[in-house]
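Novice: just to be clear, the model below is a prediction. Sequence and coordinates:
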Amino acid sequence: VAVLRHGVPVVCTSPVAREFPKLRQSLTLAIADDAVTFAETIFQLFTSSSAWQARVELSFHTLTSYHSMSTILRATADMLSRVMQKVPPDVHRQVQFGRHALRMDGACSTQHTMD
């Protein structure tokens, strides 16, 4: 994913592509399973600016759709919401992060201490 963020197309084998189903399904990854096809795919990307650019544009679109910070935050908030629905109401619902406390009702406070 980091390489794609830098605008570099990725050529990989099927076993590697299986680790990234969203990238594979979106055709962001160029998949080649034998040495000749792998080399030909890399050669095509290096010699065709339109092929390179098409992969880069597809990569950026896929990354912003599935791997952007807002997408990750939305998915995390949804997951936490589902978890909190299963916590009994009588359970203490506050998480401590150093000097910061987050109540499960969304409030946040800071404990001030003398250092």
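Specialist: On my side now, so go ahead.

Novice: kindly state the pLDDT recorded for the closest residue to Ser59 other than its chain neighbours?
Specialist: Spatial nearest neighbour of Ser59, excluding adjacent residues (CB to CB, 6 or more residues apart in numbering): Leu4 at 4.2 Å. The way it works is simple: take the backbone N, C-alpha and C, and place the C-beta from them, glycine included. For Leu4, the model assigns a pLDDT of 74.

Novice: isn't Leu4 up against Thr28?
Specialist: Yes. Here Leu4 reaches Thr28: they are 6.8 Å apart, a contact under CB atoms under 8 Å.

Novice: shared neighbours of those two, anything?
Specialist: 10, 59, 62 (CB atoms under 8 Å, 6 or more residues apart in numbering).

Novice: what residues are up against Gln53?
Specialist: Applying CB under 8 Å, 6+ apart, no residues contact Gln53.

Novice: where along the protein do the strands fall?
Specialist: 11-12, 30-31, 94-97, 100-103, 108-110 (DSSP state E).

Novice: the second one pairs with which strands?
Specialist: This points to strand 30-31. strand 11-12 (parallel) (DSSP bridges).

Novice: what comes into contact with the strand it pairs with?
Specialist: Counting by CB under 8 Å, 6+ apart, 29-32, 38, 41-42, 45 sit against strand 11-12.

Novice: now do 7 Å
Specialist: 29-32, 38, 41-42 (CB atoms under 7 Å, 6 or more residues apart in numbering).

Novice: inside helices: which ones of these?
Specialist: 38, 41-42 (DSSP state H).

Novice: which among these count as buried?
Specialist: 38, 41 (16 or more other CB atoms under 10 Å).
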